[in-house]
Every structure is written in C-alpha cells, then in structure tokens.
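> just coords:
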C-alpha cells in the first residue's frame, strides 16, 4: 500500500462502476446498438411529429382515395385520402407512449411491491404475493373491458389498465431477487449500521436487483405495444381520428388485398420497433451478466 | 522415474488489458507414492498450472505457450482432447475445494460414483455399485449401504469431501490432484481429511499434487514442496528443507504468516462492558418440529478493551452468538447487558443508538460490500447516518478512515469488484469503525483470505483495536488464529460453552476432551 498522504483526493482514480462496465460491454454488441439507435430515432421523431409531419393528422382528401406511394404521399394514402406517413408518425406517438408509460407504471408498482414483500417477508409477504396470484388468475381482458366500459374510453386509463396488468410479473421477479440478496452480508452490515428498512431497500437492494428488471422491462415494452394494438384492433383502445400502429394495422388488414401498403408500412414500423427492443433487451441481458465480464 | 514431470511450462491469458503470463516457465516432478505440495497465494498460478495439464482451462482466453508435462512417457500437453478425456478421471483424478458445487444435487451419491467407472472401465452397473460401496467404506463413511442412495445435501461438508475423494479414487488413478481440498472445512474435519488423503496415498502408492495457499496445512503430509509466486517457482525442496531452512524471502514470509504464539495477558481486571446471561437463540424448524437450539443457555462477560475469542466448528453457534448480541437475529430468551442496558429489549431510536456503539466485521469480503456502491459511498453512509460528519466534513471523515485501514486515498472512488480480498476486508473494517463503536464482533474475518493477507489483517485489527480502544468478540474456527489475537478464549460445542480461559491455559492444559481434539487438529503443530 502506498503512503496515503502523498496522494490527494483530487487525483483520485475514477473507479469503474458495474453500470459503466455494463455499458462498455453493451457498446461492443452491434445488434443492441442498432436497437438503441432505432429506438432513439423513433422517440425523437415521435416527439417532433407535430412539426415534421407532412400533413395534418386529420386532413382528408376524399377525391384521392386510397393511392399507392407517390412523390406527394411517400407511403401512399388510406381510403379517406389521409397521408399514411402522417398517420404512422402520429400513431407512433401513441404506441410508443403506451409502451413506455404503461411499462413505467408497471415498473414502479412492481419493483416497490416486490421489494417490500421480499424484504419484509413472513405474513406480509404471504398476503402481498397471494394478492398478486389472485390478480394473475383474473382474465385480464375482462378486467380491461370492464374498466373501459365503466370509465369510458380514455387514453390515460388505457395506460393505467395495461400497467396494472403488467406489474405482476415484475413484482415476482423483484421479490425473488430481493429474497436472495437479503441473505447477503452487505445487507446485514446495513442493518447493523442502523439504517432503516426503507433506506436498505432503496439504497442496497433495489440497485442490486435492477439487472434482471431492466432486461424484463425491455421485453415488457413490446408486449405492451402488442397489447395496445390488440385492444385497438378490438375497438377497445384508441379511437379515430386519433390513431395508433395497432389501429392502422387492423384497418390495413381489412383491406390488404386491394391496398397492401396500408398493412405493410404500419406493420414494418411496429416490427422494427419490436426488433429493436428485443435486440436491446438481449444485449442488456448479456451486458449486465457479471459472469460474462471475463472478456 | 517420476510419475509426472513438468518442465518449462508457460500459460498466458489474453485479457482486455493485454496478455498476462499466469505461469512462467515452471517445472516440478511428482513421484509415485509421494505428495508434492504446490503452495502460493491466489493469483500465483498454482491452480492454473495444474488445470492446464488436464486441458481444463478454457482456450481462449488461456493458451499454453510452451513446456512439457510427461506423464507415463507421454506428453499431456501434446494430446488431443479425446486422448485427454481417456486419461482424466481414469489415470489422473481431481478433488476440488468446494464439495457442494462439485456434486450434482439432483443425483444420488451412488449414481454419481458409478458414472466414471462405467464410462472408463466398461463394467456392469451391479459391479460398479459393489465397488462404490467398498470405496465409501474405505473413505470412512459410516454405513455406506444406507447412505449410497442419498443426495449430496444430506451429507455434511466433511462427508461430501469424502465422497469426492471416493469418486476420484474409484478408477484407481495413479495421480491425484487436490486443489485446496480442505479450505472450506472446519479444522477438525480438515485434520481428518488430510489424514485420509495421506493414508490412501500410501496404501495405493499414488502420486498426489496438493494445491494450497497455506503452508501449515501440508506441514504434516507433504514430501516435496514447491513454492510459487507470481507465476514463478521461487523455491523447491523436501518438507524438512522448506520448514527448517527456507532460503527465498517469499517462503520465509509464508512461514512467518502462520499464526503462532499468544497475546501477552492483559494487565489488570477491567470493568465488564458486556454481560451475557443465559442467552438462548433457537430457530424454528417448521411447525411441530423441535426448534434448532443454535445457542443454548450461554453466559459470559466481555471486559472493556478485551479481545474475547469464540472458537468452535460450524454448527457450534459461535456466529449466532455474535449476531444475537448485535440483534441481527431474534433472541429467544436471556439477557445481553451492554454497558448496563439490556440490548434484547431495545427498539426504534434506542436500538439505532445502540447499533452505533456495536458493529460487525463479516467473513466474506466479497459478499459484505454492496457491489453498486463506491468505497466513498460505503464509508460515508454510516458517517452521515449517525451525524458523525456533516455533508461538508464527510469527505475528510472518509479519507481519515481510508488512512486508518491502510488504503490509498486515490482508491476512494473505486468499486468493490476492483479490489482484492484483503483490500475489501480493509474497506469492511473501515465501515465498521466509521461509527466509532465501542464493541466490534468480528465473524471469521480472515478465514476467506490467503495466509499472508490473513496475517496483515490480523495485525491491522490488533493495531486499530488499541487505537480506537475497541472491545472485540473474535469468532473463528481456527484456534491458532484466535490464540494469536485474543486475551481470553471461549470454546463452544453444539451451542454451549465447553471451556474458557486464556490462550496459554487452553493450549498447555486443556481440561475438556473437545478442546484437546481441537488442539490436535491444528495442522503442522509439530513444526511450530
């Protein structure tokens, strides 16, 4: 050990946190980077849509009708003569928002619920997890249909409803993580320092359990987007003139024999996003796996 | 002619920071019927060298650059994977450190034993089972008929290691490689396993390579000792030569690191800081079942400024006592008076206040630090929590702790995984001292460390104990270590105190049989 007073804190060597290390590994994964890039572009475009969309989202041109891609309408128009590119841009806003917001809702509820159940244990754990089991057992379509019927169709409600279904798995994963972590000595050390249970969960348990959670999150977003597409397809989700990728695909599917581009382009946008998320999720799983750090 | 003759072996690893030479031109021989011990700290290349002989290293990142290893007239390093597979488990067998992770938990011991026999010797299942039963009896398993169909978790650590040895011997190998086979075991069990290996080796006239970080472990059994440091062999010789007349400074350092001697007795009687009265900590084993009496009616006192050693094998309740005093496990009954206050009844603010005054140092420096927190955050947390430092002064407080435990200030922003085991234990000690406690429970703080590091950490603890005026409860399974650091020693067996006294009294005139057994088990006691 070198003499301590020779070095000053100013020259402290910057350590590599496990997060930085994971990022370093993620950067080497081409597919994951591609996924990240695609997502970033989609998100930026979604945010800028009102300014960059070529047409207003409700502008119709009934005379034009459904026309194939052309110079004026790069991706063609639908049967009401609405520009498909504009529709996809606005639909993307909704789809991405549902994906991210509903997942965020699921993340917050699931992580908190699972962490508390896992750390406190005993009866509290039993009651909390039985509640999760009961919710699991409910047919969630009925649950969402009921919500929609009682409260009316409301985008925010859709976010909440999907989030309220997706947090269950998140809670189970988190609980498992916390249960194995709390056996570790650093948690005992935190107890013996006198930290409160809330601080222990927040500072010592949650950050260490996040790896699998982050990965699961990237896999939840696409499943939520598919769910929204499915609900809209059934007529329970987003309603015209607002639109989403799910809705566009459902219309496209009805007319795919006459106007295939109405299915192909929205389908491609959704597929690309799902691919990107899955690649990113895979990449994150590998990057966060400490056992793979020997490269 | 030697059974195995290794010459000029070099093994490199390709890492992201470039090439590292893990084993640099080493050579040694193993004679039939003799034990060759390879000794070195972690990172010295001792295991890498042996694993490379059997083709057990993943390539890449490892690559064997040069050298030869002639076994039975053939060079192991030139063999194809198929030829090696023939030799592994038949002519050369291995025993590993951790018998739990090396046995398949879903297969009965018997099925795992017969597998290599059927694979290599083409015998019938019934014959193989017959042979397995014989061997289990030979390695000292009571009632092999009953235990052969049990699963690994139904065995204790020592019994599992015996099963591993049986499995290694079942094909009658001529060379046995034992990689730290006793490091995970209690001292008494370690002594039994060492004796078993030596006995089997003599009886069957096989050669043994015994890998260890601890010279004292092989003091009674090794014929030839090879000392490795940083990929080089620094000294080779027979046991006598190494222990009586070691020449290389590194070997001398290893010898000096073996804990020896006892602490001079404390001067005058001091007041009691801690009084434990009739402490019981029982663990429920499910409804209807008898509770596990981990600590059963234990009473003792710890005087202010004293180091009290707590010795016993695993299951003796020694760790549970430490955790009970700190309220890390719920106490069933009894009193723990700390400076006159009963700790067992505290809650809320009173408990938090008490936690500040008593701290713990844990066994495993890899598990006791939060991997997501830098050293700075780890050390700052207790300082801020107990208002020992403010946001402004916390930096100074953290640096002071770094100085105290002998870590360079420049490391303050680094994370646990960037440190060695010894350095991590220093961080853990710093965290325990941050609250300026009066009392520290040290639970096997050096048993996961290499011998040389062990000596440094013990030295540090003694020094800081004086400097901070600490009272300490030092929990260990290793009597030699405890004798070195403790003023008084308590011997525990099955949750009860068997004997207590000063280190010298216990060593020179043990009153109880169990204490005598523990003393017998200290490896290499004849040489010390």
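Here it is on my side, so go on. Everything quoted here is computed from the prediction, not taken from an experiment.

> From here on, just use CA atoms for contacts and neighbour counts.
OK.

> what sits against the residue nearest to residue A:76 when sequence neighbours are not counted?
Excluding the flanking residues, the one nearest residue A:76 by CA to CA, 6 or more residues apart in numbering or on different chains is residue A:69, at 3.8 Å. Taking CA atoms under 8 Å, 6 or more residues apart in numbering or on different chains, we find residue A:69 in contact with A:75-77, A:261.

> And residue B:329, by the same measure?
Neighbouring residues of residue B:329 by CA under 8 Å, 6+ apart: B:320, B:323.

> Over to it. Which of the three states is it?
Following DSSP: H, G, I helix; E, B strand; the rest coil, the label given to residue B:329 is coil.

> swap in residue B:370?
coil.

> Would you quantify the distance from it to residue A:104?
26 Å (CA to CA, to the nearest Å).

> Local confidence estimate at residue B:527?
Per-residue pLDDT puts residue B:527 at 58.

> Sorry, slip of the keys, the one I care about is residue B:247.
83.

> ok, and the closest non-adjacent residue to it?
Per CA to CA, 6+ apart, closest to residue B:247 is residue B:235, 7.7 Å.

> Wait, a strand at the one you found?
Yes - counting by three-state DSSP, residue B:235 is located in a strand.

> quick one: it from residue B:408, how far?
32 Å.

> Could you tell me how many residues sit around residue 193?
As the question left the chain open, I've gone with chain A. 27 (other CA atoms under 10 Å in any protein chain shown).

> My question was about chain B, not that one.
22.

> That one reaches residue B:182, doesn't it?
Yes - with contacts counted by CA atoms under 8 Å, residue B:193 reaches residue B:182, the gap being 7.1 Å.

> Secondary structure element holding the residue located most distally from the centre of chain B?
The C-alpha centroid of chain B is most remote from residue B:392, which lies 40.9 Å away (CA atoms, centre = their mean). Assignment of secondary structure by DSSP states H and E places residue B:392 within no helix or strand.

> what's the residue in the stretch 51-200 of chain A positioned nearest to chain B in contact with, if anything?
Closest to chain B within the stretch 51-200 of chain A is residue A:186: 3.9 Å, counting by CA to the nearest CA. Listed by CA under 8 Å, 6+ apart, the contact partners of residue A:186 are B:367-370.

> can you pick the most crowded of those?
Ranking these using other CA under 10 Å puts residue B:369 first, with 28 neighbours.

> Tell me, how many residues neighbour residue 127?
I went with chain A, as the question did not name one. The number of residues near residue A:127, taken as other CA under 10 Å, comes to 13.

> ah, I was thinking of chain B
By the measure other CA under 10 Å, the count of residues near residue B:127 is 12.

> where's it relative to chain A, distance?
Distance, residue B:127 to chain A, by CA to the nearest CA, to the nearest Å: 41 Å.

> List of residues touching the helix or strand containing that residue?
Element membership of residue B:127, judged by DSSP H and E, is helix B:125-138. For helix B:125-138, contacts defined as CA under 8 Å, 6+ apart pick out B:110, B:113-114, B:117-118, B:143-145, B:148, B:162-163, B:166, B:170.

> Just give me how far it sits from the chain centre.
Relative to its chain's centre, helix B:125-138 lies at 32 Å (CA atoms, centre = their mean, to the nearest Å).

> mean confidence for whatever helix or strand comes next after that helix?
The helix or strand immediately downstream of helix B:125-138 is helix B:144-147, counting by DSSP H and E. Per-residue pLDDT over helix B:144-147 has a mean of 82.

> which parts of helix B:144-147 are buried?
B:144, B:147 (16 or more other CA atoms under 10 Å in any protein chain shown).

> repeat for stretch B:254-273
B:254-255, B:257-259, B:262-263, B:272-273.

> which stretches of the chain have low pLDDT?
Because you didn't say which chain, this covers chain A. Within chain A, the ranges that satisfy pLDDT under 70 run A:1-15, A:62, A:66, A:241, A:289-295.

> That was the other one, I meant chain B.
Within chain B, the ranges that satisfy pLDDT under 70 run B:99, B:264-269, B:525-528.

> Enumerate the residues of it near chain A.
Contact residues (CA under 8 Å from any CA of the partner chain) of chain B with chain A: B:15-16, B:326, B:328, B:351-353, B:355-356, B:358-362, B:364, B:367-374, B:382, B:385, B:403, B:406-415, B:418, B:432, B:435.

> quick check, residue B:279 in a strand?
Yes - with three-state DSSP as the criterion, residue B:279 is located in a strand.

> quick one: secondary structure of the nearest residue to it once chain neighbours are set aside?
Excluding the flanking residues, the one nearest residue B:279 by CA to CA, 6+ apart is residue B:334, at 4.2 Å. Three-state call for residue B:334 (three-state DSSP): strand.

> cool, the one 3 residues further on as well?
Counting by three-state DSSP, the backbone at residue B:337 sits in strand.
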